[in-house]
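Enquirer: Pasting a predicted model and its sequence here:
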Amino acid sequence: MKLKSDFLWGGSIAAHQVEGAWDEDGKGPAIMDFVTAGEYGQARGIHKSIQAGVRYPSHTGIDFYHRYPEDIKLFAEMGFTALRISIDWSRIYPQGDDSTPNKAGIEFYQNLVDELLKYKIKPIVTLYHFEMPINLVRKYGSWENRQVVDHYLRFCETMFRALKGKVSYWVTFNEMNHIDPQSEASDIFTYIIAGLKYSELTNKAQTLATIGYHMTLASCAAVELGHKIDPENKIGCVFGIEPVYPINSDPDNILTAFKQMDRDFYQIDAMCKRKFPQYKLAEYKDQGIELVISTADQEIFKNGSIDFIGMNYYASSVAEYKGAQEKNSALFGGLQNPFLPTSKWGWAIDPVGLRYLLNYTYRKYELPIMITENGLGAIDQIDSDGQIHDSYRIDYLSKHIQEMKKAIEIDQVNCIGYLTWGPIDLVSATTGQMSKRYGFIYVDLDDQGLGTLKRTKKASFDWYQKVIESSGTQ
Ligand code: BGP
């Protein structure tokens with residue numbers, strides 16, 4: 001199989017990490033607007049009111065809200081054929097349960113999409129990338145409450161209609177799989193995905209399982225709705241997946257690695273196999289978690305199967321059996337793989353892992369796969385010549401692209417696109433830092449939120465332009 005001529009090349013961003021303008025044009029406060037720079041990853045502070053003097057990175061972002069024409073022009077110059085954006089729910093329904101949508105919010109995204117189309121860049125639109133109106137957390141208790149699914153669907157319907165005919169690729173959720181009762185990463189992800197403080201949950205396992213279930217159901221219902229509104233829509237869901245390798249060939253470790261990796265797939269199973277997987281229900285039951293699946297819900301799973309799988313890939317991880325009560329410590333760090341280098345944040349750099357994961361996933365579902373995020377977070381230096389020579393980024397991306405091409409050309413995986421994470425520097429989701437940079441375009445902004453916001457092309461800018469021009473040949 002060759003790379004198709006309509007293969008999508010581009011990048012991926014999220015509203016709360018770039019837009020800023022957190023209270024402009026009628027936008028309501030959202031989960032990420034309450035997360036301060038110092039509190040990232042520590043699951044504190046989500047419920048307190050916004051204080052003066054504390055820095056909230058999403059309040060300014062990189063000011064994409066006002067500067068998007070300049071940024072999109074640069075993406076077009078690199079030859080992008082696709083850009084994944086997200087819609088901030090709180091721009092459309094400021095409180096989440098408002099009776100009518102905010103016109104200015106809709107117009108912003110219509111204009112943004114028009115700007116992309118002007119350059120023939122296909123918008124890939126994520127409907128949930130951690131941007132829930134905070135009112136839905138405070139008043140309803142977030143995704144644990146079934147009513148939130150209905151509010152989400154109303155928001156989806158508004159956007160499917162507002163962008164009908166202009167957007168054909170949609171993503172229902174970003175990385176819902178990181179909400180997991182068995183994960184030690186629950187702290188940070190319960191916080192940014194659902195706006196809840198993990199330490200304060202009285203029945204943690206039950207709550208997280210219910211949240212995961214409601215999000216899965218919401219995704220399936222959104223797919224059905226999006227297909228009804230426009231049968232041309234291609235609707236997928238994005239998962240952040242790490243291949244998990246056993247620490248050695250001890251069968252207990254192999255089984256542990258298999259189970260840890262499989263945790264990232266139960267929701268994909270539900271979305272592709274048209275029913276919530278029985279093995280997950282059995283596992284939950286074993287842990288004292290109860291989920292009741294009504295006949296109406298079963299219908300939703302039947303009708304909401306996705307058109308493609310979005311894959312966010314950064315790193316692989318290693319697992320070891322530690323007894324029956326073991327938790328998954330693999331995500332983002334955990335045990336080191338002696339065969340792999342790591343990024344400054346301890347993420348294992350594993351290009352072959354991408355080929356492995358593409359094969360694993362494609363053979364399981366035979367659905368098109370879009371690589372919706374891939375990239376290296378690094379600290380960039382401006383050299384004396386005023387340039388940023390980010391050869392490490394080029395090295396990381398080029399090795400991943402080569403492995404992706406092998407998966408397509410040799411292994412026959414139907415991969416339809418490659419989007420780098422953060423083609424322009426943006427606020428990091430798990431650290432809140434600006435100094436953890438991913439972009440081809442440098443943004444003058446520091447961890448204190450100070451800077452001119454000036455955009456400068458890095459060395460990787462020209463390199464990625466050539467990659468796209470040569471369809472990945474480099
Ligand atoms: C993914 C998220 C992105 C992005 C990326 C990199 O999990 O979908 O929003 O942030 O991770 O993570 P970080 O910014 O923490 O380096």
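Expert: Received it, and whenever you're ready, just let me know what you need.

Enquirer: Around the ligand, which positions in the stretch 151-300 of the chain sit nearby?
Expert: Taking C-beta under 6 Å from any ligand atom, the part of the stretch 151-300 of the chain that reaches the ligand is made up of 174-175, 240. To be clear about C-beta, it is placed using only N, CA and C from the backbone, and glycine gets the same treatment.

Enquirer: So which residues of the stretch 101-250 of the chain form helices?
Expert: Applying DSSP state H, counting those that start in this stretch to the stretch 101-250 of the chain gives helices spanning 103-118, 134-140, 146-162, 186-194, 204-229.

Enquirer: Confidence-wise, which of the ones you listed is weakest overall?
Expert: Lowest mean pLDDT within these: helix 186-194, a mean of 86.

Enquirer: got a list of contacts for that helix?
Expert: 31-32, 35, 40-43, 46, 130, 132, 137, 142-144, 175-176, 178-180, 183, 196-199, 201, 204, 208, 211, 429-430 (C-beta atoms under 8 Å, 6 or more residues apart in numbering).

Enquirer: Swap in 7 Å and give it another go.
Expert: Helix 186-194 has contacts (C-beta atoms under 7 Å, 6 or more residues apart in numbering) with 31-32, 35, 41, 43, 46, 130, 142-143, 176, 178-180, 196-198, 208, 211, 429-430.

Enquirer: Stretch 58-78 now?
Expert: Contacts to stretch 58-78, defined as C-beta under 7 Å, 6+ apart, come from residues 10-11, 16-22, 24, 32-33, 83, 112, 115-116, 119, 121, 423-427, 440-441, 443, 445, 449, 453, 455, 461, 464-465, 468.

Enquirer: Now do that stretch: distance to the chain's middle.
Expert: 19 Å (C-alpha atoms, centre = their mean, to the nearest Å).

Enquirer: same question, stretch 87-97
Expert: Its chain's C-alpha centre and that of stretch 87-97 lie 18 Å apart, by C-alpha atoms, centre = their mean.

Enquirer: try stretch 156-176
Expert: 15 Å.

Enquirer: residues making contact with that stretch?
Expert: With C-beta under 7 Å, 6+ apart as the criterion, stretch 156-176 contacts 87, 92, 101, 106, 109-110, 113, 117, 122-129, 193, 212, 215-216, 219, 222-223, 225-226, 229-230, 232-240, 267, 310, 312.

Enquirer: before we move on, which element is the closest residue to M32 other than its chain neighbours in?
Expert: Leaving out its chain neighbours, the residue that sits closest to M32 by C-beta to C-beta, 6 or more residues apart in numbering is H16, at 4.0 Å. Counting by DSSP states H and E, the element that carries H16 is helix 15-18.

Enquirer: now F276
Expert: Short version, using DSSP H and E: F276 is in no helix or strand.

Enquirer: pretty sure it is in contact with A270, am I right?
Expert: Yes - F276 lies in contact with A270 (C-beta atoms under 7 Å); the separation is 4.8 Å.

Enquirer: what about those two, which has more around it?
Expert: More crowded of F276 and A270, by other C-beta atoms under 10 Å: A270, with 25 against 22.

Enquirer: Get me the contact residues on the stretch 301-450 of the chain for the ligand.
Expert: Residues of the stretch 301-450 of the chain lying near the ligand (C-beta under 6 Å from any ligand atom): 312, 373, 377, 421, 428-431, 436.

Enquirer: Please repeat the previous calculation with a cut-off of 8 Å.
Expert: Contacts of the stretch 301-450 of the chain with the ligand, taken as C-beta under 8 Å from any ligand atom, map to 312, 314, 345, 373, 375, 377, 421-422, 426-431, 436, 438.

Enquirer: Among those residues, which are located in strands?
Expert: In strands, judged by DSSP state E, the following of these are found: 312, 373, 421.

Enquirer: thinking again about what came up before, can you name the next helix or strand after the helix holding H16?
Expert: Criterion used, DSSP H and E; the element after helix 15-18 is helix 57-60.

Enquirer: hmm, that next one touching the ligand?
Expert: No - judged by C-beta under 8 Å from any ligand atom, helix 57-60 and the ligand are separated, with a smallest distance of 10.7 Å.

Enquirer: Tell me which helix or strand in this structure has the weakest average pLDDT.
Expert: Least confident element among the helices and strands of the chain, by mean pLDDT, DSSP states H and E: helix 186-194 (a mean of 86).

Enquirer: Next one: the residue nearest the centre of the chain from M132, what distance?
Expert: Against the mean C-alpha coordinate of the chain, by C-alpha atoms, centre = their mean, the closest residue is N174 at 3.8 Å. The gap separating N174 from M132 is 12 Å, by C-beta to C-beta, to the nearest Å.

Enquirer: Over to K405?
Expert: Counting by C-beta to C-beta, the gap from K405 to M132 is 37 Å.

Enquirer: out of the two, which sits in the busier spot?
Expert: The neighbour comparison of K405 against M132 (other C-beta under 10 Å) goes to M132, with 25 against 19.

Enquirer: Can you tell me the closest non-neighbouring residue to the more buried one?
Expert: I31 (5.1 Å).

Enquirer: for the ligand, what are the nearby residues on the stretch 1-150 of the chain?
Expert: 12, 14, 17, 129-130.

Enquirer: try 6 Å this time
Expert: Residues of the stretch 1-150 of the chain lying near the ligand (C-beta under 6 Å from any ligand atom): A14.

Enquirer: re the thing from before, show me what contacts the residue nearest to M32?
Expert: Per C-beta under 7 Å, 6+ apart, neighbours of H16: 30, 32, 58, 88, 130-131.
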